[in-house]
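[1] Kindly return the folded structure for what I paste below:
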Amino acid sequence: MSERVLVAMSGGVDSSVAAALLLEAGHEVVGVTLRLWGGESDAGCCSVADVEDARQVARRLGIEHHVFNFGDDFDRHVVDPYVAAHAAGQTPNPCIECNRHIKFDRLLRRAEALGFDAVATGHHARIVERSDGTRRVARGADAAKDQSYVLHVLDQSQLARTRFPVGHLTKQEVRARADALGLVTATKPDSQDVCFITSTGGRRRFLAERITTTPGTVRDLDGTVLGQVDAVELVTIGQRHGLGLPGGTDPRYALAVDVHAATVVVGRRADLLVAETPLADLRWVAGPVAGPLEVQVSAHGQPRAGVVEGDVVRWVEPHRRVAPGQSVVLYEGDEVAGAGIAR
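    Below you'll find the predicted structure:
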């Protein structure tokens, strides 16, 4: 059945081909590029060049193209929480919050108000409908480009109105389609994850302009002072470099960050391993799942086996500590079954 679909066109090759595939399938397609970040950006989507690339693709495909300015929402729901999380010594996931609040909430609501049946993006993921009628996000066909981790926030209503047209294709196949269609984005490099962090200034400068960072003491597990860091807010669990410690054959890793005490605790590689990871805000897509699950703790990390008991992931084998604030996504096979936030 033909649908009226609003395609979020980031100016990249994936969303370009997503629009083309929907057109080929007989749907009525309109493209929209989201203007989210009003400041300097050279590291991801939202640049003026991206808007122009999306506009050129839309022109090539013969579809309408619009720009929606969601900058205020982006500041409130993505940038401000990102800064606040660092100030509290946590490691945030801004791309997940952008999906939660902007692409699959604000944009979906705007699309519905404009009479669209669905919103589509160029994410490498799939949506599967199970025998009981519930839907789940599932991994995309290209394991190296899979983005299901950052889409775990979608609920049943959102999944019913979302389309991922390139989820069944590999990245190579996507680029081949774009090349065959003569799209300007065919060979465009993939964008970086955090669109509002410049590659030149980086996270340090971005945060320093918004919060007062705190010099801190680096201690080992026995409390012995080993060194100093310029800003405890910039230290992430598992970090090895940038801790002000001498190099050598006995590397130390950040095990804990206490912003209030201005202290970073470090240990050896073996000290990074834990038997369990406690979760906050644990949510299941369609009811709890008992037994072993595949658990992924970063967008590009390898999943590991674990069992959820209460609000704790118990690892089948010892696992590296997970930085507080990181999403812990639970998979049943290729499907997202639930998720929580490491604490």
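
[2] contact partners of stretch 223-239?
    Outside stretch 223-239, the residues within contact range by CB atoms under 8 Å, 6 or more residues apart in numbering are 86-87, 89, 91, 203-204, 207-208, 211, 213-220, 242-245, 252-259, 262-264, 266, 272, 320-324. Every residue, glycine included, has its C-beta placed from N, CA and C.

[3] pLDDT (mean, whole number) over it?
    Mean pLDDT, taken over the full extent of stretch 223-239, equals 95.

[4] Find me the pLDDT at Phe196, would you?
    On the pLDDT scale, Phe196 is placed at 85.

[5] is it true that it lies in a strand?
    No - under DSSP: H, G, I helix; E, B strand; the rest coil, Phe196 falls outside any strand and is assigned coil.

[6] any weak-confidence spans in the protein?
    Judged against pLDDT under 70, the low-scoring parts of the chain cover residues 38-47, 192-193, 248.

[7] ok so, going back, so which of the contacts of stretch 223-239 sit within helices?
    Judged by DSSP state H, the contacts of stretch 223-239 include His86, Ala87, Arg203, Arg204, Leu207, Ala208 as members of helices.

[8] List the contacts of the first one.
    Read that as His86. Neighbouring residues of His86 by CB under 8 Å, 6+ apart: Pro92, Leu207, Ile211, Glu233, Leu234.

[9] let's go with 7 Å and repeat that
    Shown here is His86, whose contacts under the criterion CB atoms under 7 Å, 6 or more residues apart in numbering are Pro92, Leu207, Glu233.

[10] coming back round to it: now the two most distant members of the ones in helices among the contacts of stretch 223-239.
    With distances taken as CB to CB, the most widely separated pair in these is Ala87 and Arg204, at 13.8 Å.

[11] What is the neighbour count of Gly325?
    Residues contacting Gly325 under the criterion other CB atoms under 10 Å number 21.

[12] same deal with the one 10 residues further on?
    Applying the criterion other CB under 10 Å, we find 21 residues in the vicinity of Glu335.

[13] measure it to Ala143 for me?
    15 Å (CB to CB, to the nearest Å).

[14] again, but for Leu61
    The spacing between Leu61 and Ala143, counted by CB to CB, is 29 Å.

[15] So which of these two has more stuff around it?
    Between Leu61 and Ala143, counted using other CB under 10 Å, Leu61 has the larger neighbour count: 21 against 10.

[16] wait, doesn't that one sit right on Ala19?
    Yes - look at Leu61 against Ala19 with CB atoms under 7 Å: they come within range, at 5.9 Å.

[17] what residues do these two have in common as contacts?
    With contacts defined as CB under 7 Å, 6+ apart, no residue is adjacent to both Leu61 and Ala19.

[18] So which residues of the stretch 51-200 of the chain form strands?
    Taking DSSP state E, counting those that start in this stretch as the criterion, the stretch 51-200 of the chain carries its strands at 64-69, 118-120, 125-129, 135-139, 162-163.

[19] So for Ala339, which of those strands sits nearest?
    The stretch from those with the least distance to Ala339 (CB to CB) is strand 135-139; that distance is 10.1 Å.

[20] so what secondary structure elements neighbour the closest one?
    Counting contacts by 3 or more CB pairs under 7 Å, 6 or more residues apart in numbering; DSSP states H and E, the secondary-structure elements packed against strand 135-139 are strand 125-129, helix 156-160, strand 335-342.

[21] could you give the angle of that strand to strand 125-129?
    Between strand 135-139 and strand 125-129, the angle formed by their directions is 150 degrees, by axes from the mean of the first three to the mean of the last three CA atoms, to 10 degrees.

[22] ok, back up a step: please identify the deepest-packed of the helices and strands packed on strand 135-139.
    When neighbours are counted by mean count of other CB atoms under 10 Å, the highest per-stretch mean among the helices and strands packed on strand 135-139 falls to strand 335-342, a mean of 22.

[23] For it, C-alpha coordinates in PDB please.
    Once side chains and other backbone atoms are set aside, the C-alpha atoms of strand 335-342 remain, and they are given as PDB (Å, rounded to 0.1, in the frame of the first residue of the first chain):
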ATOM      1  CA  GLU A 335      16.500  -8.000  17.900                       C
ATOM      2  CA  VAL A 336      16.600  -5.300  20.600                       C
ATOM      3  CA  ALA A 337      14.600  -6.700  23.600                       C
ATOM      4  CA  GLY A 338      15.300  -3.900  26.100                       C
ATOM      5  CA  ALA A 339      17.900  -1.500  27.400                       C
ATOM      6  CA  GLY A 340      19.000   0.500  30.500                       C
ATOM      7  CA  ILE A 341      21.600   3.000  31.600                       C
ATOM      8  CA  ALA A 342      24.700   1.900  33.300                       C
END
